[in-house]
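Undergrad: Just need the structure, nothing else, for what follows:
(2 chains)
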Amino acid sequence: MPIHNADIAAIFEEIADLLEIEGANVFRVRAYRNAARTLQELGRDVRTTLQKGEDLTALPGIGDDLAGKMREIAETGRCAALDKLHKKLPPAITELLKIPGLGPKRVKALYHELDIHTVEQLQRAVRDHRIRSLAGFGEKTESRIAEALATHGGGAGRFKLVTAAQYAEPLAAWLRAVPGVDDVVVAGSYRRARETVGDIDILVTAAADSPVMQRFTAYDEVAEVLSHGPTRSSVVLGCRLQVDLRVVEPESHGAALHYFTGSRAHNIAIRRLGQERGLKINEYGVFEGNKRIAGETEQSVFRAVGLPFIPPELREDRGEIEAARAGRLPELVELGDLRGDLHVHTRATDGHDSLREMAEAARQRGFEYLAITEHSRRLTVAHGLDPVRLLQQIDEIDRLNGELRGITLLKGIEVDILEDGRLDLPDELLGRLDLVIGAVHSRFDLSRARQTERILKAMDHPHFTLLAHPSGRLIERREPYDVDMLRIIGKAKERGCYLELNAHPERLDLLDTYCQAAKAEGVLVSVNSDAHSVLDFDHLRFGVGQARRGWLEKGDVLNTRPLAALRPLLKRTM
DNA sequence: GCCGTTTTCGGCCCGACTGTTTTCAGTCG
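TA: Coordinates of the predicted model:
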């Protein structure tokens, strides 16, 4: 069983949890968590890095000790430090930390005082009212734990960005109508366009006497009020989505927006920069002693630490601060930069609308071109096209292009990549198209080696243009298939073909870190809607958000090209 | 455990709310 970065990260997280329960130095705990995060976001595999003999201590937050543990885990799959901790604390105890209201101190007390180290034991103790008598616990804490246990496992989890939007935007609009409210921004991971959000953070700028907080907790979708203070409240909506509201006065708007947009790691890094300059940065402003020197706008906060404005999508402490300092921030692609869409379906297969309707909707969006890319015959559930039906569609597109004004339809296909890497339609037919999108729709369970070879072989096909939804994951529903994405990116570079960033809210695939990897190799990414109806062009907004998280600029995105410039790029692969 | 234009020790981001407390620890974001 090969060890991947995520496996090492999981071990480091577990060590951090156990150390925390043990009462270890908080900074030591933080070092393990930082390392886990670095590993999860690393664009390459630690094993490969080790095999090349590269120095792991060059990674941020990795010193001799952690580098040694990474090597140990990569080579043996085990970690002596973790085994040692397990002799002192039962492994299952970290599960208790996931229960809201239980942190390391209380978990430690439960273990030492009542010998509780599993969720089941905790349930029994709650039932017998043995918790309330512990020092630092009380009746309220006990009943809060009881409630949390009742919903444990059925927890809300993370929400897809599009789902969060459906709740957050009406709520924000409702808050904007409250007297005394100046501004309402949905901040947090939502503003950073993360593919999923754990909760919604709303920042309200309002006069001190505004009734906005009362109106918030009285919102009719609120199922539960978790906390309710003058500047900060938290609620849970009926859909189990948690919403946190913060109210600040206008002079603090920028500092608060920066703070509540996060990410936490980015904020810590910015505050550290402030510290180096003798400044204190909090959600109320940037302070030199007691004097506020910035905070009304986000720009002023960045300026105070000597940086230009950093777009929210980049704020993950993944190099954006260094790039900003060096004047090398990317000029991120915007929705309006897209000149067309290279992946849509129509009624001919599993779409809802006709060719003409899709073309018209694209034209109304201001698009110059639209590639029609139906499924191929292997995907029977989607009524995939066989050669006869594809030829009919080619004729129909030619006919329609003769009539349409202001938009050009491109002839394409989303052809299945078969298990052995062959494509699901004859070469001769694929050669007649403007572009060929290859896609994996079956056998997600292949080994990493076989899945990678399958895709690489497909990409070697002379007519292959673009790899659809490269990881195959469905957010919160299906894990990505196991594949060596860096080899795929390398193949795209070698072959002069492209990768898709599928904008469907359930896919958002290519992942952001791989967008960066593709960009580094000069491989263009196409942000496509995968629309199955005229409404689905709205998905592009989420795709562009993901592209921005991946540091992509206009020039890095294939379909920002005007048609005249696009055609030769498509030809190159044919 | 990491790190260094404050460099091998002594720091490490900062504040709100809750509950159990009489001044604050724990948790959370």
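Undergrad: Kindly provide the distance from the spatially most central residue of chain A to DNA strand B.
TA: Geometric centre of chain A, nearest residue: A:Glu195, 3.4 Å, by Cα atoms, centre = their mean. Distance of A:Glu195 to DNA strand B, given as Cβ to the nearest atom of the strand, to the nearest Å: 18 Å. All C-beta spots, glycine's among them, are computed from the backbone N, C-alpha and C.
Undergrad: Name the nearest residue to that residue, ignoring sequence neighbours.
TA: A:Leu508 (4.6 Å; Cβ to Cβ, 6 or more residues apart in numbering).
Undergrad: residues touching that neighbour, list them.
TA: Counting by Cβ atoms under 8 Å, 6 or more residues apart in numbering, A:Leu508 touches A:Leu161, A:Glu195, A:Ile475, A:Leu501, A:Asn502, A:Phe542, A:Gly543, A:Gln546.
Undergrad: likewise A:Ser447?
TA: Contacts of A:Ser447 by Cβ under 8 Å, 6+ apart are A:Asp482.
Undergrad: on that earlier part again, my guess is the residue nearest to the centre of chain A meets A:Ile475, correct?
TA: Yes: counting by Cβ atoms under 8 Å, A:Glu195 touches A:Ile475, with 5.8 Å between them.
Undergrad: list residues touching both of those two?
TA: What both A:Glu195 and A:Ile475 touch, as defined by Cβ under 8 Å, 6+ apart, is the set A:Lys160, A:Leu508.
Undergrad: so what strands line up beside the helix or strand containing A:Ile202?
TA: Using DSSP states H and E, A:Ile202 sits in strand A:199-206. If you go by DSSP bridges, strand A:199-206 pairs up with strand A:181-186 (antiparallel), strand A:242-248 (parallel).
Undergrad: can you give me the end-to-end distance of stretch A:114-132?
TA: Stretch A:114-132 has an end-to-end distance of 12 Å (criterion: Cα to Cα, to the nearest Å).
Undergrad: Show me what that stretch is in contact with.
TA: A:89-90, A:92-93, A:95-96, A:99, A:110-111, A:134, A:137-139, A:141-142, A:145-146, A:149, A:152.
Undergrad: In helices, which of those fall?
TA: The helices, defined by DSSP state H, take in A:Leu110, A:Tyr111, A:Glu139, A:Thr141, A:Glu142, A:Ile145, A:Ala146, A:Leu149 from the contacts of stretch A:114-132.
Undergrad: Let me know the closest of those to DNA strand B.
TA: A:Thr141 (3.9 Å; Cβ to the nearest atom of the strand).
Undergrad: tally of neighbours for the closest one?
TA: 16 (other Cβ atoms under 10 Å).
Undergrad: Do I have it right that it meets A:Pro100?
TA: No: when contacts are counted by Cβ under 8 Å, A:Thr141 is not listed as touching A:Pro100 (11.3 Å).
Undergrad: Which stretches in the stretch 251-400 of chain A count as strands?
TA: A:280-282, A:285-288, A:291-294, A:340-344, A:369-375 (DSSP state E, counting those that start in this stretch).
Undergrad: Ok, which of those strands comes nearest A:Ala207?
TA: For A:Ala207, the closest of the strands of the stretch 251-400 of chain A is strand A:285-288, at 17.5 Å, according to Cβ to Cβ.
Undergrad: Report the beta-bridge partner residues of A:Gly285.
TA: A:Asn282.
Undergrad: which one of the contacts of A:Leu508 has the most neighbours?
TA: A:Gly543 (31 neighbours).
Undergrad: Name the surrounding residues that touch stretch A:549-569.
TA: Under Cβ under 8 Å, 6+ apart, the answer for stretch A:549-569 is A:192-194, A:313-314, A:316, A:330-334, A:337-342, A:368-369, A:408, A:434, A:466, A:498, A:501, A:510-516, A:518-519, A:524-528, A:547.
Undergrad: quick one: which of those sit in helices?
TA: Among the contacts of stretch A:549-569, the members falling in helices (DSSP H) are A:Asp512, A:Thr513, A:Tyr514, A:Cys515, A:Gln516, A:Ala518, A:Lys519, A:Ala547.
Undergrad: contacting residues for the residue of the stretch 151-300 of chain A found nearest DNA strand B?
TA: Residue nearest to DNA strand B within the stretch 151-300 of chain A (Cβ to the nearest atom of the strand): A:Gly229, separated by 2.0 Å. Counting by Cβ under 8 Å, 6+ apart, A:Gly229 makes contact with A:Met213.
Undergrad: now A:Gly306
TA: A:Leu273, A:Arg277, A:Arg325.
Undergrad: Spell out which parts of the stretch 51-200 of chain A neighbour DNA strand B.
TA: A:57, A:60-67, A:81, A:100-107, A:132, A:135-142, A:144, A:188, A:199 (Cβ under 7 Å from any atom of the strand).
Undergrad: Now, of those residues, which are buried?
TA: For these, a neighbour count by 16 or more other Cβ atoms under 10 Å gives the buried set as A:61-62, A:66-67, A:81, A:102, A:104, A:106-107, A:137, A:141-142, A:144, A:188, A:199.
Undergrad: Taking those, tell me the two that lie furthest apart.
TA: Longest span within those, Cβ to Cβ: A:Ala67 and A:Glu142, 43.8 Å.
Undergrad: which of the contacts of stretch A:549-569 are buried?
TA: For the contacts of stretch A:549-569, buried by 16+ other Cβ under 10 Å: A:192-194, A:313-314, A:316, A:330, A:332-333, A:337-342, A:368-369, A:408, A:434, A:466, A:498, A:501, A:510-516, A:518-519, A:524-528, A:547.
Undergrad: Let me know the pLDDT of the closest residue to DNA strand B within the stretch 451-574 of chain A.
TA: Per Cβ to the nearest atom of the strand, A:Glu476 is where the stretch 451-574 of chain A lies closest to DNA strand B, at 18.2 Å. With respect to pLDDT, A:Glu476 has a value of 80.
Undergrad: which residues sit in contact with it?
TA: A:Glu476 neighbours (Cβ under 8 Å, 6+ apart): A:Gly157, A:Arg158, A:Lys160, A:Thr196.
Undergrad: PyMOL command for the buried members of these?
TA: Those of these that count as buried under 16+ other Cβ under 10 Å are selected in PyMOL with:
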select buried, chain A and resi 158+160+196
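Undergrad: Which ones among the contacts of A:Glu476 map onto strands?
TA: A:Lys160, A:Thr196 (DSSP state E).
Undergrad: Mind putting the contacts of A:Glu476 into CSV with pLDDT?
TA: Shown next, in CSV, are these (pLDDT from 0 to 100):
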residue, pLDDT
A:Gly157, 74
A:Arg158, 85
A:Lys160, 90
A:Thr196, 92
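Undergrad: which two in the contacts of A:Glu476 are spaced the farthest apart?
TA: Farthest pair in the contacts of A:Glu476, by Cβ to Cβ: A:Gly157 and A:Lys160, 10.4 Å.
Undergrad: one step back: ok, and which of the strands paired with strand A:199-206 has the densest surroundings?
TA: Across the strands paired with strand A:199-206, averaging neighbours per residue (mean count of other Cβ atoms under 10 Å) puts strand A:242-248 on top, at a mean of 23.
Undergrad: from the chain's centre, how far out does it sit?
TA: Centroid displacement of strand A:242-248 relative to its chain, using Cα atoms, centre = their mean, to the nearest Å, is 22 Å.
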